[in-house]
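Asks: Starting from these lines, generate the structure:
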Amino acid sequence: PATEEKSHSRTIEQMEDKKEFILSVTGATVGLGNVWRFPYLCYKNGGGAFFIPYGLFLVTCGIPMFILETSLGQYTSQGGIMCWRKVCPLFEGLGYASQMIIFYASVSYIVVLAWAFLYFFASFSTELPWTSCNNVWNTDNCVVINHYNDSANWTGRNASLSSSVLEFWQ
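Replies: Got it, this is the predicted structure:
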């Protein structure tokens, strides 16, 4: 009887058009850190004194590395790990390292987004959880600052009191 040989041809998926490629690359490179952390870093590290070296480093190192990685992926038609294995088997660790960095960054972004959803849905309740001391996480020293008599002299007790807002966020 004739033997059937199965061909193990692999289909390579490709992007439909350039717009899809640009959107996927932008989604991978522009994350929450760019939107939230970068202005804070500029403010904390001196504004223009931080931005000039940052921009210089971005132009001399960041963009060439981005072009290298994108070109390598397109040339080999492989993922982040296999493309480095094709270049040099010793560089396979670079692929694993980049995948771990992406994984840990994704986990931290998911946590931040979960916090945003928690506060968003909590804001629909009639009483916000951080405006009262009737919650499980509140201590005996909890006080609602807005309801406290501001005309009284409570500086002696001030060290032991804590705000309901601070107890919620910490």
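
Asks: Domain map for this structure?
Replies: Domain assignment for the chain by automatic domain parsing gives 18-77, 129-169.

Asks: Quick one: mean pLDDT for the shortest one?
Replies: In this model, domain 129-169 has a mean pLDDT of 73.

Asks: Numbering from 54 from now on, please.
Replies: Right, with 54 as the first residue, what we last looked at is domain 182-222.

Asks: Quote the end-to-end distance of it.
Replies: 10 Å (Cα to Cα, to the nearest Å).

Asks: same deal with the longest one?
Replies: With Cα to Cα as the measure, the ends of domain 71-130 fall 16 Å from one another.

Asks: that older thread, could you point out which of the domains of the chain sits nearest residue 146?
Replies: With distances scored as Cβ to Cβ, the stretch of the domains of the chain nearest to residue 146 is domain 71-130 (15.0 Å). Yep, even glycine has a C-beta here, placed from its N, CA and C like the rest.

Asks: hey, where'd the helices end up in this protein?
Replies: Under the criterion DSSP state H, the chain carries helices at the ranges 71-82, 85, 91-97, 101-110, 116-129, 133-140, 145-175, 217-222.
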